[in-house]
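S.K.: Next come a sequence and a model predicted from it.
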Amino acid sequence: MDVQHFERITAFIEARLTPLFDPQEGSDHGWGMDDKSRALRALRNAVLGASAIKGIIAQRAAADAALRGIIDQSLEHNWDVLRGIARQWEDHPDYQREFKRHAWELEAAPATAATATPAAGS
């Protein structure tokens, strides 16, 4: 798993969420105190929190075995959070098959190969 996996899935989710902050969608730009705004903010915060973990990927190579295990668990957990959110749009034409994979499956699929993966509907 690498940074590009996290960047792609985060960009996909953000592209689905950002339009929902539009006032024409019935929310006060997602910043109101209505339930829809609160839910949108909570979901966006979950996405941003889970994607922030990508910063530790670079530290993994230099980490000792114990720390590497902790990093791996953190990456797997946060990938699963993003994966679960992205799968809500599994029928979207921009959804990529890599978003469905578990973290350990991405180890064998570098991001450069994953970019050539066709959308789920293909």
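M.R.: Noted; the coordinates are in hand.

S.K.: Low-confidence ranges, this structure, go.
M.R.: Within the chain, the ranges that satisfy pLDDT under 70 run 27, 108-122.

S.K.: Would you map the strands across it?
M.R.: Under the criterion DSSP state E, the chain carries no strands.

S.K.: which residues of it fall in helices?
M.R.: Counting by DSSP state H, the chain has helices at residues 3-17, 35-51, 57-60, 65-86, 103-106, 111-114.

S.K.: which of those helices is buried the deepest?
M.R.: The highest average neighbour count among those, using mean count of other Cβ atoms under 10 Å, belongs to helix 3-17 at a mean of 17. Every residue, glycine included, has its C-beta placed from N, CA and C.

S.K.: Now do it and helix 65-86, the angle between them.
M.R.: Put simply, helix 3-17 runs at 30 degrees to helix 65-86, going by axes from the mean of the first three to the mean of the last three Cα atoms, to 10 degrees.

S.K.: Summarise which helices and strands helix 3-17 is packed against.
M.R.: If contacts are counted by 3 or more Cβ pairs under 8 Å, 6 or more residues apart in numbering; DSSP states H and E, helix 3-17 sits against helix 35-51, helix 57-60, helix 65-86, helix 111-114.

S.K.: The second one packs against which elements?
M.R.: What that stands for is helix 57-60. Against helix 57-60 (3+ Cβ pairs under 8 Å, 6+ apart) you get helix 3-17, helix 65-86.

S.K.: any idea how far Met1 is from Glu76?
M.R.: Here the criterion is Cβ to Cβ, to the nearest Å. By it, Glu76 lies 8 Å from Met1.

S.K.: Ok, Glu7 next?
M.R.: For Glu7 relative to Met1 (Cβ to Cβ), the value is 12 Å.

S.K.: quick revisit: okay if I get the helices of the chain as CSV plus distance to His29?
M.R.: Compiled in CSV, the helices of the chain are given as follows (distance: least, Cβ to Cβ, whole Å):
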stretch, distance to His29
helix 3-17, 12
helix 35-51, 8
helix 57-60, 33
helix 65-86, 21
helix 103-106, 34
helix 111-114, 33
